[in-house]
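Visitor: pasted the sequence and its predicted model underneath.
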Amino acid sequence: MADNYLGSCACGKVHFALDAEPLNIFNCHCTICRKMNGSAFSTYVVFKASALRITGGRAEIRAAAAGTQATRHFCRDCGAPLYGLHHLAPGLCLIMLGAIDNADALAPAVNVFCQSRLPWTYNLSTLVNHATTPST
């Protein structure tokens with residue numbers, strides 16, 4: 001079985017592999033996702049749940065309710081979000097794009113829950129960009 005994508009948490013205690021290609025990639029702008037991840041939106045890569053293999057640190061993974069319909073899974077040590085399971089999408093898992101180590105070629109195709117979208121996110125491509133932290 002080939003590992004198409006590898007992933008980990010920020011501290012490196014949890015590792016996983018995904019043995020398939022993504023079914024979808026999307027940005028979610030709902031308030032719950034913003035609160036859960038402390039960001040303007042969350043980017044998810046959707047896979048069949050059977051494609052996800054935890055290859056290290058299974059004991060470090062904790063789960064918490066994400067609203068009434070979903071459960072998010074994260075590293076108990078560093079708090080990094082890893083993946084979610086949604087009751088309306090049985091058999092699928094929503095992997096956090098930031099948790100995938102080799103995600104260079106993965107790009108979202110759609111934005112969802114745009115009624116909650118922060119207005120400034122429409123202009124992300126117009127922001128000044130720096131390769132690293134600017135000096136001032």
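Guide: Ah, there it is.
Visitor: quick check: end-to-end length of stretch 117-129?
Guide: 22 Å (CA to CA, to the nearest Å).
Visitor: report the buried residues of the helix or strand of the chain with the lowest mean pLDDT.
Guide: Counting by mean pLDDT, DSSP states H and E, the weakest-scoring helix or strand in the chain turns out to be helix 31-37, with a mean of 90. The neighbour-count check on helix 31-37 (16 or more other CB atoms under 10 Å) flags Ile32, Cys33, Arg34, Met36, Asn37 as buried. C-beta here means a position set from N, CA and C on the backbone, and glycine is covered the same way.
Visitor: so what's the residue nearest to the spatial centre of the chain bridging to?
Guide: Relative to the mean C-alpha position of the chain, the nearest C-alpha, by CA atoms, centre = their mean, is the one of Met96, at 1.1 Å. Counting by DSSP bridges, Met96 is bridged to Tyr44.
Visitor: from what I see, it and Cys75 are in contact.
Guide: No: between Met96 and Cys75 there is no contact under CB atoms under 8 Å: 11.1 Å.
Visitor: give me the common contacts of these two.
Guide: Leu82 (CB atoms under 8 Å, 6 or more residues apart in numbering).
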